[in-house]
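Student: Output the structure for:
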Amino acid sequence: MTTYEERASLSDLTATAERVHRAVEGVIEGKPEVVRLSLTVLLAEGHLLIEDVPGVGKTMLAKALARSIDCSVRRIQFTPDLLPSDITGVSVFDQQRRDFEFKPGAIFAQIVIGDEINRASPKTQSALLESMEERQVTVDGHTYELPSPFMVVATQNPVEMEGTYPLPEAQRDRFMARVSMGYPSPEAELRMLDTHGVVPPLDDLQPVAHAHDIVKLVDAVRTVHVSEPVRRYAVDLVTATRHHPDLRLGASPRATLHLVRAAKAAAAMAGREFVLPDDVQALAVAVLAHRLLPTAQAQLNRRTAEQVVFEILQRTPVPDLSAQAWGQQHGRHQPGARRL
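Tutor: Sure, this is the predicted structure:
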């Protein structure tokens, strides 16, 4: 049975998430779903990859999300000459103390904005691997903990653009979700001309939440219940990617964990204490597609990873959560799951 404190936490979560959503949407015109996915990743303790062509607001979204929360923010401009030590930090010999002193790098912040991450070499990109997975940095044999909450929001241009490197598979797998901004609608672009043409909206954006609030909300997300049929449904979706004929690399077990954690955050933001199959379905493409590698034949046929995930969603049976079983677990009626 859910306690009163847990219910209050979920209520606080929805209210805080709505404030942050409104603040970010005041900067990013006409992209409510993109903003909501960004918040979902934040509350699920994940990292976000924003991929699209230049000029559609990728960096603006990352900066708006960071500024709406009162926490430490560092930005890393990824360039071909960027070194791993510029990210993690370096030990410098102090002449007065006669000892080495660690100088923290840009990764030591609660929200790290990696701008155009795929313009740096794979060696430099790999400097993020330990921090993104274990939330720590090891330099010269010493391990340093990173602050909490910790989130990497990285932007990248499509690999067809000049001067880009493809992200290594291990790097992509550590991002919980990938989102594409897309071009704004004509109406949103007209509003953008009115707002951005006078005063940059980021200058007026004030924090609407604190870092300790986010830590509490993350704890509230962890209390969200995931029934055994829903967990099995997530596993079935991920397993299907490993045997699909159009894929030479399927999703990893980490992808299953990320999918369930993101679904829990989405349910909590909707004010629910339990995850529905709908939550898993809505997040499957954003969480799974960027980890998949199509075969050469699939690429010749112009089959994308997103299309494969949609096909898997259509073919994978949705769990039938009966009202009786749901009532025994939660004391309420379970609405029927719908197929995409």
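Student: residues making contact with the helix or strand containing S91?
Tutor: S91 belongs to strand 89-94 when assigned by DSSP states H and E. Strand 89-94 has contacts (Cβ atoms under 8 Å, 6 or more residues apart in numbering) with 99-105, 107-108, 137, 139-140, 142, 144. Yep, even glycine has a C-beta here, placed from its N, CA and C like the rest.
Student: And stretch 243-260, by the same measure?
Tutor: Contact with stretch 243-260 is made by 44, 46, 169, 173-174, 176-177, 226, 231, 234-235, 237-239, 241-242, 275, 280, 283-284, 287-288, 291-295, 297-298, 303, 305, 308, 312, as judged by Cβ under 8 Å, 6+ apart.
Student: What ranges does the stretch 1-150 of the chain have for its helices?
Tutor: Assigned by DSSP state H, counting those that start in this stretch, the helices in the stretch 1-150 of the chain fall at 4-25, 32-43, 58-67, 84-88, 122-125, 129-134.
Student: Is it possible to get a markdown table of these that adds distance to Y183?
Tutor: A markdown table is the format used below for those (distance: least, Cβ to Cβ, whole Å):
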| stretch | distance to Y183 |
| --- | --- |
| helix 4-25 | 17 |
| helix 32-43 | 12 |
| helix 58-67 | 12 |
| helix 84-88 | 32 |
| helix 122-125 | 27 |
| helix 129-134 | 29 |
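Student: can you tell me which of those helices the model trusts least?
Tutor: Between the helices of the stretch 1-150 of the chain, the lowest average pLDDT goes to helix 4-25, which shows a mean of 74.
Student: what packs against that one?
Tutor: helix 32-43, helix 58-67, strand 209-210, helix 211-222, helix 253-269 (3 or more Cβ pairs under 8 Å, 6 or more residues apart in numbering; DSSP states H and E).
Student: Rebuild these as CSV, extending it with distance to T79 and mean neighbour count.
Tutor: Listed next are the helices and strands packed on helix 4-25 as CSV, based on distance: least, Cβ to Cβ, whole Å; neighbours: other Cβ atoms under 10 Å:
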stretch, distance to T79, mean neighbour count
helix 32-43, 25, 22
helix 58-67, 14, 22
strand 209-210, 32, 16
helix 211-222, 29, 18
helix 253-269, 29, 23
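Student: would TSV of the ones you listed with distance to D320 be doable?
Tutor: TSV is the format used below for these (distance: least, Cβ to Cβ, whole Å):
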stretch	distance to D320
helix 32-43	26
helix 58-67	37
strand 209-210	38
helix 211-222	26
helix 253-269	18
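Student: Of all these, which one comes closest to I113?
Tutor: Taking Cβ to Cβ, helix 58-67 is the member of those nearest to I113, at 4.6 Å.
Student: can I get the CA coordinates of the closest one in CSV?
Tutor: Output of helix 58-67 as CSV, limited to C-alpha atoms (Å, rounded to 0.1, in the frame of the first residue of the first chain):
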residue,chain,number,x,y,z
LYS,A,58,19.4,22.0,-29.8
THR,A,59,21.7,24.0,-27.6
MET,A,60,18.9,26.4,-26.6
LEU,A,61,16.9,23.5,-25.2
ALA,A,62,19.9,22.2,-23.2
LYS,A,63,20.6,25.6,-21.8
ALA,A,64,16.9,26.3,-21.0
LEU,A,65,16.5,23.0,-19.1
ALA,A,66,19.7,23.8,-17.2
ARG,A,67,18.8,27.3,-16.3
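Student: Which residues are in contact with G114?
Tutor: I76, F78, L128, V152, V153, A154, T155.
Student: where does the stretch 201-340 of the chain dip in pLDDT?
Tutor: Across the stretch 201-340 of the chain, residues meeting the criterion (pLDDT under 70) sit at 321-340.
Student: can you map out the strands along it?
Tutor: Applying DSSP state E, counting those that start in this stretch to the stretch 201-340 of the chain gives strands spanning 209-210, 247-249, 293-294.
Student: Now render the ones you listed as TSV, adding distance to V53.
Tutor: Shown next, in TSV, are the strands of the stretch 201-340 of the chain (distance: least, Cβ to Cβ, whole Å):
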stretch	distance to V53
strand 209-210	31
strand 247-249	25
strand 293-294	21
